[in-house]
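Q: Provide a 3D model corresponding to the input given below.
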Amino acid sequence: FFSSRRRHTRFRNVTGVQTCALPISIEAIQEIQVQLAPYDVKIGNFTGGAVNAVTKSGTNQLHGSVYGYGRNGSMVGKSVDGQKTSIGSDFHDYQTGFSLGGPIVKNKLFFFVNGELTRRQEPTFYNAGDAGAAITVAQAQAIKDQLQNKYGYDVGTYDRYRIFTNSDKIFTRLDWNINPRNSFMLRAIYTSGSGNNLERSSTNFQFSSTDFTQHTKNLNLVAELRSKISANVNNNLILSHISVHEYRDFPGVLSPFMDIGSGQIWAGTWREASIYNMNQKTFELTDNLTINKGIHKITLGTHNEFYDLSYGFINSWNGRWEYSNLTNFLADKPSRIRGAYTIDPKIPNDRDYIYANPPHPYKVSLLSAYGQDELSLTRRFKLTAGLRIDYPHLASQPLTDPEVAKTPDYASNNPTYTHTPFSALNNKWLGT
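A: Residues are numbered from 1 along each chain as shown. Got it, this is the predicted structure:
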């Protein structure tokens, strides 16, 4: 389940989550395995648990499906806040797709394909002047007039606004029985999603200028070769490539982000949208050799992940102006001004240049080797012993701003956290 409120989601590290775009359709999944504290040495690089999805494949019979789900405002009840208001015609939530699988060559070559579209739209609540809203129409108009008349800046609307999330997914899979000893699988998944982000509540009002649209484009390619080397020896080789591109754009022209009344009113370009352009390319190689001999099932393998990352995100590059209350905003009396800018003379302090050329890309490798022996001592008792070695490698250390060492350490009579002294940060392995 995904809520439309994504700006502070707890699932930021999941690909596509900020556009509510699941990486794969449920229609393409055959089964789901949930593993809690597994002892299989092949599974690593996670804590807590792992979820593995087994995708569908074609068979000798041609089979398919067409599906659609949807609802609009007429299928949603009244609000429960005592106002009993209707969500109106601005709301809809639709999902439609198809799947088709079958043989290309019977008993030899099979295919499966799935395509899916989702479209969701909903209105904002707590708009200026609404019951329980954080701002009145008169206050909103005063802010809008101030910025328009003094700076020629259109801060956007303060009335009803539409929030949307869209996603397009395509899944394809080929299975080839090469011969009695070898089989090959090729799978491709493409996901494209977009969704805007504007949130209003009883304690926080946002002009439409703070809206931004998150875009995600993901391509996942996997090839797997299963080989029976002999009666007791099998090998499984997996190669994969994942490409992820996530970026943000914003309405209107770039402006400073304005915070009025300690979070009561927000206006201008959202501070985390002025520069956000992330690219990640991942290559994975896994090989597992399994030997069955007597009561022993021996596994020898390796799993390796190679990441090429460029994280073009700069918080508050457009500036962050804070005003203690509306009166001080109208009087041009900010209480605090912040911003971010480059100090590297080789990088111009230009938004378009930094967006298109994220500084300091880096590469990370996660290398793993393991061995395991699963002993079937009796029909009811198995003993598993294994060893796994994981090694993370960073090709080059990110640069450290020399000004960090001069930054005063956090000090308070009632501290809420502790940290390593800034002067001790050196970006070296294990701090040495």
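Q: Please make it C-alpha for all contacts and neighbour counts, starting now.
A: OK.
Q: Please name the nearest non-neighbouring residue to residue 50.
A: residue 35 (5.2 Å; Cα to Cα, 6 or more residues apart in numbering).
Q: burial of that neighbour, as a residue count?
A: For residue 35, the tally of surrounding residues (other Cα atoms under 10 Å) stands at 13.
Q: Name the SS class of it, please.
A: At residue 35, secondary structure determined by DSSP: H, G, I helix; E, B strand; the rest coil is strand.
Q: Show me the strands in the stretch 1-150 of the chain, by range?
A: 29-36, 49-55, 63-72, 92-105, 109-123 (DSSP state E, counting those that start in this stretch).
Q: on that earlier part again, correct me if wrong: the residue nearest to residue 50 contacts residue 44.
A: No. The criterion here is Cα atoms under 8 Å, and residue 35 misses it with residue 44 at 11.4 Å.
Q: Can you report phi and psi for residue 257?
A: Main-chain dihedrals, residue 257, degrees, to the nearest 10: phi -80, psi 130.
Q: Equivalent analysis for residue 205, please.
A: Torsion angles, degrees, to the nearest 10, at residue 205: phi -120, psi 140.
Q: pLDDT on the longest helix along the chain, on average?
A: Longest helix of the chain, by residue count under DSSP state H: helix 137-151. Helix 137-151 comes out with an average pLDDT of 97.
Q: Check stretch 50-69 too.
A: Mean pLDDT, stretch 50-69: 91.
Q: For it, which outside residues touch it?
A: 28-36, 94-103, 106-107, 110-112, 173-175 (Cα atoms under 8 Å, 6 or more residues apart in numbering).
Q: Go again with 6 Å.
A: Outside stretch 50-69, the residues that touch it by Cα atoms under 6 Å, 6 or more residues apart in numbering are 28-35, 94-103, 106, 110-112.
Q: Okay, buried residues for it please.
A: Judged by neighbour count (16 or more other Cα atoms under 10 Å), stretch 50-69 contains these buried residues: 50, 55, 56, 57, 58, 59, 60.
Q: Strands of the stretch 301-432 of the chain, start to end?
A: Using DSSP E, counting those that start in this stretch, strands in the stretch 301-432 of the chain cover 320-323, 336-338, 362-376, 382-394.
Q: list the helices and strands the first one packs on?
A: With contacts taken as 3 or more Cα pairs under 6 Å, 6 or more residues apart in numbering; DSSP states H and E, strand 320-323 sits against strand 257-260, strand 336-338.
Q: for the third one, same thing?
A: Contacts defined by 3+ Cα pairs under 6 Å, 6+ apart place strand 362-376 against strand 296-314, strand 382-394.
Q: among those, which is nearest residue 118?
A: The minimum distance between residue 118 and the helices and strands packed on strand 362-376 falls on strand 296-314, with 27.8 Å, by Cα to Cα.
Q: neighbouring strands for that closest one, and are they parallel or not?
A: Paired neighbours of strand 296-314 in the sheet (DSSP bridges): strand 275-293 (antiparallel), strand 362-376 (antiparallel).
Q: Can you point out the buried residues in the longest helix of the chain?
A: By neighbour count, with 16+ other Cα under 10 Å as the criterion, the buried positions of helix 137-151 are 140, 143, 144, 145, 146, 147.
Q: Identify the residues contacting that helix?
A: Contacts for helix 137-151 (Cα under 6 Å, 6+ apart): 128, 129, 153, 154.
Q: Compare the residues you listed and tell me which has the most neighbours.
A: residue 128 (24 neighbours).
Q: wait, it sits on residue 157?
A: No. Here residue 128 lies out of contact with residue 157, judged by Cα atoms under 6 Å, at a distance of 9.5 Å.
Q: and residue 218, what does it touch?
A: By Cα under 6 Å, 6+ apart, residue 218 lies in contact with 190, 191, 243, 244.
Q: hang on, the earlier thing: identify, out of the helices and strands packed on strand 362-376, the most deeply packed stretch.
A: Comparing the helices and strands packed on strand 362-376 by mean neighbour count (mean count of other Cα atoms under 10 Å), strand 296-314 ranks first with a mean of 19.
Q: Contacts made by that strand with the rest, please.
A: Strand 296-314 has contacts (Cα under 6 Å, 6+ apart) with 275-291, 358, 361-375.
Q: would TSV of the helices and strands packed on strand 362-376 with distance to residue 415 and mean pLDDT be doable?
A: What follows is these, written out as TSV (distance: least, Cα to Cα, whole Å; pLDDT from 0 to 100):
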stretch	distance to residue 415	mean pLDDT
strand 296-314	28	94
strand 382-394	33	92
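Q: and of the ones you listed, who's closest to residue 349?
A: Nearest of those (Cα to Cα): strand 296-314, 11.7 Å.
Q: and the angle from the closest one to strand 382-394?
A: Following axes from the mean of the first three to the mean of the last three Cα atoms, to 10 degrees, one obtains 30 degrees for the angle between strand 296-314 and strand 382-394.
Q: pull the CA atoms of strand 296-314 into CSV?
A: This file holds the C-alpha atoms of strand 296-314, laid out as CSV (Å, rounded to 0.1, in the frame of the first residue of the first chain):
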residue,chain,number,x,y,z
HIS,A,296,26.4,-33.9,1.6
LYS,A,297,25.0,-31.1,-0.5
ILE,A,298,27.9,-28.7,-1.0
THR,A,299,27.5,-25.2,-2.4
LEU,A,300,30.4,-23.0,-3.6
GLY,A,301,29.6,-19.6,-5.0
THR,A,302,30.1,-15.9,-5.4
HIS,A,303,27.9,-12.9,-5.6
ASN,A,304,29.2,-9.5,-6.8
GLU,A,305,27.5,-6.2,-7.2
PHE,A,306,29.1,-3.2,-9.0
TYR,A,307,27.5,0.2,-8.7
ASP,A,308,28.2,3.3,-10.8
LEU,A,309,26.5,6.3,-9.0
SER,A,310,26.0,9.9,-9.7
TYR,A,311,23.8,11.5,-7.1
GLY,A,312,23.0,15.0,-8.3
PHE,A,313,21.1,16.3,-5.2
ILE,A,314,21.8,19.6,-3.5
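Q: how far out from the middle of the chain is it?
A: On the basis of Cα atoms, centre = their mean, to the nearest Å, strand 296-314 sits 18 Å off its chain's mean C-alpha point.
Q: ok, residue 234 touching residue 228?
A: Yes. The criterion here is Cα under 6 Å, and residue 234 meets it with residue 228 at 4.5 Å.
Q: so what sits against both of those two?
A: Common neighbours of residue 234 and residue 228, counting by Cα under 6 Å, 6+ apart, are absent.
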